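Novice: Prediction below, plus the sequence it came from.
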Amino acid sequence: MARRRGGRVRATPGLGGPRPDPYAFGHGDPRFHVEHYDLELDYRVRTNRLSGTAHLRVRTLEPLSELRLDLSGLSVHGVLVDGAPPARYRHRGGTLTVRLADPAPAQTVLGVHVTYAGAPRPVASPWGEVGWEELEDGVIVASQPTGAPSWFPCNDRPDDRATYRTSVTVENPYVVVAHGTPVAARPRAGATTWEFDEPYPTSTYLATVQIGRYADVVLVDAPVRQRVLVPPHLVAGARRRLARQPQMMDAFVDLFGPYPFDAYTLVVTPDPLEIPLEAQGMAVFGSNHLGSGADDDAGRLVPHELAHQWFGNSVSVAGWQHIWLNEGFACYAEWLWSEVSGGPTTDALASDHHDALARLPQDLTLADPGPSDLFDDRVYKRGALTLHALRRTLGDAPYRELVHTWTGRHRGGTVTTADLRALAAEVAGRSGGEAQVARVEELLTDWLDRPALPPLPGPAPSLPRRLLDHLRHPTSSRAPS
Ligand SMILES: [Zn+2]
């Protein structure tokens with residue numbers, strides 16, 4: 001996501017052990033894994049009434065006598081496990097506890113079926129309300145980090161990644177877009193059932209449903225299909241502001257590696273939003289970001305959200321402690337795109353932001369920022385500066401190898417800060433031997449583990465001439481349709 005305004009977090013106890021993870025916010029259960037969510041939702045926009053059935057394919061990771069799922073603000077009408085009633089279930093305080101009829105050994109696969117209904121509303125969080133939220137005329141779901149339980153029962157941890165089938169029935173003429181590939185839109189009496197198949201491992205916070213009176217505009221068909229769902233009166237403004245999406249995708253594929261999903265869908269809501277937010281294969285912007293009267297600063301948010309498809313959505317964090325790996329790469333992508341598109345260079349932006357950070361309190365460590373500072377702007381900017389410092393120290397070619405290896409090796413998986421350190425050492429060793437490994441390890445210790453802001457090292461890097469030339473003066477005949 002782009003940065004939210006700060007807030008204070010009261011860490012709530014986690015589950016499953018004497019030392020709860022303060023970064024889990026009391027959500028999720030590490031004792032089991034949900035492999036697949038099959039969601040059938042029926043929603044009335046006018047009355048904000050949601051009724052759903054969720055079928056979860058659960059794999060136990062240790063012997064279990066009960067499952068704890070997250071579900072907030074909705075009423076549970078029934079639970080079945082492998083087609084039969086469980087010993088009992090209880091839904092209280094946002095937790096659905098299902099006591100199994102028989103204890104399940106580790107590696108048992110269970111089919112958990114939950115029927116539920118109610119008036120969905122967002123979950124309160126220290127960063128504002130997150131999750132399913134009514135617009136003036138439609139719905140937005142923006143769940144980072146803890147909003148997923150506002151609309152389906154789930155194991156709400158960023159590292160518990162599943163495939164999805166999502167079916168949503170809504171009255172006409174509303175359009176529904178969910179994450180994944182659209183597979184059907186079946187008319188019913190006065191309504192339409194929209195169905196989506198998500199084959200990629202997806203964290204719960206990246207699952208989404210958007211409902212509105214949207215026009216569906218294709219920006220470019222190949223090599224990656226990009227489209228925008230936008231209220232008809234905002235189509236012209238959005239087209240103009242997204243005119244360089246094909247070049248941005250080309251640049252990011254060159255810089256980061258192959259695009260990790262089948263398509264990219266942008267949504268522009270008719271309402272203004274405080275911040276845009278990423279979802280799997282999608283990004284959601286407000287009318288204030290991509291409408292005709294949008295402010296110019298919004299331009300940097302478009303590359304930020306696209307970059308999250310590689311950093312955060314395909315390669316996901318194993319826990320919220322490692323958030324800088326999402327936001328540092330996404331913020332750095334803003335600076336890279338600035339240079340590629342003819343604006344200030346990455347190096348000039350890094351220097352400016354380094355100067356600005358130097359004037360702020362230096363009481364935050366990137367590798368362990370604390371739950372209350374997850375979305376502090378310093379995490380974003382220092383994260384990007386850490387990558388710039390790493391690029392200056394490694395050199396352009398080894399840095400490029402690092403990024404491409406990162407997105408390739410961890411595609412569909414989860415990562416920690418330790419994984420980035422290990423890869424940096426690996427790449428440094430190949431390019432400069434033991435002395436370079438020691439240099440990189442010392443650099444990362446200063447940037448990640450110590451609060452004081454280190455100086456930017458080494459000479460300024462530059463993007464490859466061919467990339468800049470190609471993107472500033474594209475010779476390809478491909479154009480947005
Ligand atoms: Zn972000």
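Specialist: Received the coordinates, thanks. Numbering: from 1, shown residues only.
Novice: So out of everything in the stretch 151-300 of the chain, what residue is nearest the ion?
Specialist: Of the residues in the stretch 151-300 of the chain, the one nearest the ion is residue 278, at a distance of 6.4 Å by Cβ to the ion. C-beta here means a position set from N, CA and C on the backbone, and glycine is covered the same way.
Novice: show me what contacts that residue?
Specialist: When contacts are counted by Cβ atoms under 8 Å, 6 or more residues apart in numbering, residue 278 touches 1, 144, 206, 284, 305, 308, 309, 312, 313.
Novice: Tell me, how many residues neighbour residue 431?
Specialist: 17 (other Cβ atoms under 10 Å).
Novice: can you check residue 124 too?
Specialist: Summarising burial for residue 124: neighbours were counted as other Cβ under 10 Å, giving 13.
Novice: is it true that residue 423 lies in a helix?
Specialist: Yes: with DSSP: H, G, I helix; E, B strand; the rest coil as the criterion, residue 423 is located in a helix.
Novice: what sits against it?
Specialist: Counting by Cβ under 8 Å, 6+ apart, the residues that residue 423 touches are 402, 405, 406, 409.
Novice: pretty sure the third one belongs to a helix, no?
Specialist: It stands for residue 406. Yes: when classified by three-state DSSP, residue 406 is found to be part of a helix.
Novice: what are the ranges of the helices in the stretch 301-450 of the chain?
Specialist: Secondary structure of the stretch 301-450 of the chain, counting by DSSP state H, counting those that start in this stretch: helices at 301-307, 324-340, 346-358, 377-394, 396-409, 417-444.
Novice: Among those, single out whichever gets nearest to the ion.
Specialist: helix 324-340 (4.4 Å).
Novice: what are the phi and psi angles of the closest residue to residue 179 other than its chain neighbours?
Specialist: In space, not counting the residues next to it along the chain, residue 179 is nearest to residue 280; the distance is 4.1 Å by Cβ to Cβ, 6 or more residues apart in numbering. With angles defined as degrees, to the nearest 10, residue 280 shows backbone torsions of phi -70, psi 120.
Novice: What's the local residue count around residue 280?
Specialist: Counted with other Cβ under 10 Å, the neighbours of residue 280 add up to 27.
Novice: mind checking how far it is from residue 205?
Specialist: Distance of residue 280 to residue 205, given as Cβ to Cβ, to the nearest Å: 10 Å.
Novice: name the element the residue of the stretch 151-300 of the chain closest to the ion belongs to?
Specialist: Taking DSSP states H and E as the criterion, residue 278 maps to strand 277-279.
Novice: in its sheet, what does that strand sit against?
Specialist: Strand 277-279 sits in its sheet next to strand 282-285 (antiparallel), going by DSSP bridges.
Novice: With just CA atoms, put the strand it pairs with into PDB.
Specialist: Once non-C-alpha atoms are left out, strand 282-285 reads as follows in PDB (Å, rounded to 0.1, in the frame of the first residue of the first chain):
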ATOM      1  CA  MET A 282      -4.900  -5.700  -9.000                       C
ATOM      2  CA  ALA A 283      -4.600  -2.200  -7.600                       C
ATOM      3  CA  VAL A 284      -7.400   0.000  -6.300                       C
ATOM      4  CA  PHE A 285      -7.200   3.800  -6.700                       C
END
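Novice: who in the stretch 101-250 of the chain is up against the ion?
Specialist: Residues of the stretch 101-250 of the chain lying close to the ion (Cβ under 5 Å from the ion): none.
Novice: those strands in the stretch 101-250 of the chain, which residues are they?
Specialist: 109-118, 123-125, 128-135, 138-142, 162-171, 175-178, 181-188, 191-202, 209-212, 215-220, 225-230 (DSSP state E, counting those that start in this stretch).
Novice: Show me what the second one is packed against.
Specialist: When contacts are defined as 3 or more Cβ pairs under 8 Å, 6 or more residues apart in numbering; DSSP states H and E, strand 123-125 sits against strand 128-135.
Novice: who does the strand it packs on touch, helix- and strand-wise?
Specialist: strand 123-125, strand 138-142.
Novice: could the ones you listed go into JSON lines alongside mean pLDDT and distance to residue 231?
Specialist: Converted to JSON lines, the helices and strands packed on strand 128-135 look like this (pLDDT from 0 to 100; distance: least, Cβ to Cβ, whole Å):
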{"stretch": "strand 123-125", "mean pLDDT": "91", "distance to residue 231": "26"}
{"stretch": "strand 138-142", "mean pLDDT": "97", "distance to residue 231": "9"}
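Novice: These: which one's closest to residue 243?
Specialist: Closest approach to residue 243 among the helices and strands packed on strand 128-135 (Cβ to Cβ): strand 138-142, 24.6 Å.
Novice: quick one: contacts of the closest one?
Specialist: 1, 43, 45, 130-133, 147, 150-151, 174, 207-213, 267, 269-271, 273, 277, 279, 284.
Novice: Could you tell me the model confidence score at the residue of the stretch 51-200 of the chain found nearest the ion?
Specialist: For the stretch 51-200 of the chain, the residue positioned closest to the ion under Cβ to the ion is residue 144, at a distance of 8.3 Å. Model confidence at residue 144, expressed as pLDDT, equals 95.
Novice: Isn't it up against residue 129?
Specialist: No: with contact defined as Cβ atoms under 8 Å, residue 144 does not count as touching residue 129 (12.0 Å).
Novice: who's more crowded, those two?
Specialist: Applying other Cβ under 10 Å to residue 144 and residue 129 shows that residue 144 carries more neighbours, namely 27 against 14.
Novice: What is the neighbour count of the closest residue to the more buried one other than its chain neighbours?
Specialist: Ranked by Cβ to Cβ, 6+ apart and with sequence neighbours excluded, the top spatial neighbour of residue 144 is residue 205, at 4.7 Å. For residue 205, the tally of surrounding residues (other Cβ under 10 Å) stands at 30.
Novice: show me the contacts for residue 205.
Specialist: For residue 205, the contact set (Cβ under 8 Å, 6+ apart) comprises 143, 144, 145, 146, 147, 148, 156, 158.
Novice: Select from those the one having the most neighbours.
Specialist: Greatest neighbour count in the contacts of residue 205, by other Cβ under 10 Å, goes to residue 148: 31 neighbours.
Novice: Report whether stretch 303-322 contacts the ion.
Specialist: No: judged by Cβ under 5 Å from the ion, stretch 303-322 makes no contact with the ion; its nearest approach is 5.6 Å.
Novice: List the buried residues in that stretch.
Specialist: In terms of neighbour count (16 or more other Cβ atoms under 10 Å), stretch 303-322 has its buried residues at 303-318, 320-322.
Novice: Can I get that stretch in CSV? Just the C-alpha atoms.
Specialist: Written as CSV, here are the backbone C-alpha positions of stretch 303-322 (Å, rounded to 0.1, in the frame of the first residue of the first chain):
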residue,chain,number,x,y,z
PRO,A,303,4.4,2.6,-10.3
HIS,A,304,4.3,1.9,-6.5
GLU,A,305,1.2,-0.3,-6.8
LEU,A,306,2.4,-2.0,-10.0
ALA,A,307,5.7,-2.9,-8.3
HIS,A,308,3.8,-4.6,-5.5
GLN,A,309,2.8,-7.3,-7.9
TRP,A,310,6.4,-8.6,-7.8
PHE,A,311,7.2,-7.4,-4.2
GLY,A,312,4.5,-8.3,-1.8
ASN,A,313,2.0,-10.1,-4.0
SER,A,314,4.1,-12.7,-5.8
VAL,A,315,7.0,-12.7,-3.3
SER,A,316,5.2,-12.1,0.0
VAL,A,317,6.4,-11.4,3.5
ALA,A,318,6.5,-14.3,6.0
GLY,A,319,5.2,-11.9,8.7
TRP,A,320,4.4,-8.2,9.0
GLN,A,321,7.8,-7.6,10.7
HIS,A,322,9.3,-7.8,7.2
